[in-house]
Each structure stands twice: as C-alpha cells, then as structure tokens.
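Chemist: with the input below, show me the fold.
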Amino acid sequence: MNQLAIISTLVVLLATPSTLLAAERSMMDEVWSWICGMVDVWEVACEFQRVETALQDYEKETGRTLSPGAGLDTLVEQGYLDSNDIEDPWGNTYRYRVSLDGRGGYLAYLSSAGPDGVHGTDDDLGN
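Modeler: Predicted coordinates for the structure are as follows:
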C-alpha cells in the first residue's frame, strides 16, 4: 500500500462513525500494521546509530576495533550501551560483523533478523 493511499484511508477512517463495515475494519487493520511496522524499522535505525556511536567511542578509547568474537555484550559490560540497545524490537540480539574496508580500516556491519527472528530472510534489516 503506498503512502498516499494510507493517508487517504486514515482521513476517511477518522471521519467515519464507529460503525465501520468489515472491509473498512480490515483496511484499518492493514494501515495500523503498516504504521507499526514502520515504527519498528525506525526503532532499529535509531538503535543502529546508538551502537555505531558506541563502537566508535570504544575504538577511540581503546585504540582498537571491537572484535566480532567479543560481541556487542562487551559494549554493555563496559558501559557504552544499555542491554536493550543491542536487541531489536522483536527481542533478538543484533548481529555484528567486521570486514576490511580496502584502505587499512574496518567496516562494521549490524543486522537484525527482523520479525521472523531468522537471519538471511527477506525481512532482515541491516546497515
């Protein structure tokens, strides 16, 4: 459903009496599901930003990149993050990987398994 259709639907539904037809209720459920899904995506984006900032702070203070083997729990244990910052909205811990950037530096990758909790599926989110 595109954004214009969603906004138009919301306007109609908000102006409609509480006695909605079944079809209208179904459309309203779809709209709210879409809105909630977008909220979850924005929450993941905000958490990725917090984790990336914590990774940068860790590197500045220790002089090294956090190893994937150490995991994001290290950032919690050392006070860079709260424990809820390393879990996605569906209760799964973010996956953290590091690769060489080709210029002697490192690139950090964060990913969420998404609502289904399985990495490698279409609903995954990553930076």
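Chemist: A strand includes residue 79, no?
Modeler: No. Judged by DSSP: H, G, I helix; E, B strand; the rest coil, residue 79 forms no part of a strand; its state is coil.
Chemist: who are the contact partners of it?
Modeler: The contact partners of residue 79, taken as CB atoms under 8 Å, 6 or more residues apart in numbering, number zero. In short, each C-beta sits where N, CA and C put it, glycine included.
Chemist: separation between it and residue 96?
Modeler: Separation of residue 79 from residue 96 (CB to CB, to the nearest Å) stands at 18 Å.
Chemist: and residue 125, by the same measure?
Modeler: Taking CB to CB as the measure, residue 125 and residue 96 are separated by 14 Å.
Chemist: of the two, who's got more company?
Modeler: Between residue 125 and residue 96, counted using other CB atoms under 10 Å, the more crowded position is residue 96 (22 against 18).
Chemist: figure out the helix or strand that that one lives in.
Modeler: Element membership for residue 96 (DSSP states H and E) is strand 95-100.
Chemist: so in this protein, where's the weakest helix or strand by average pLDDT?
Modeler: helix 3-15 (a mean of 54; mean pLDDT, DSSP states H and E).
Chemist: so which elements touch the strand holding residue 96?
Modeler: strand 106-112 (3 or more CB pairs under 8 Å, 6 or more residues apart in numbering; DSSP states H and E).
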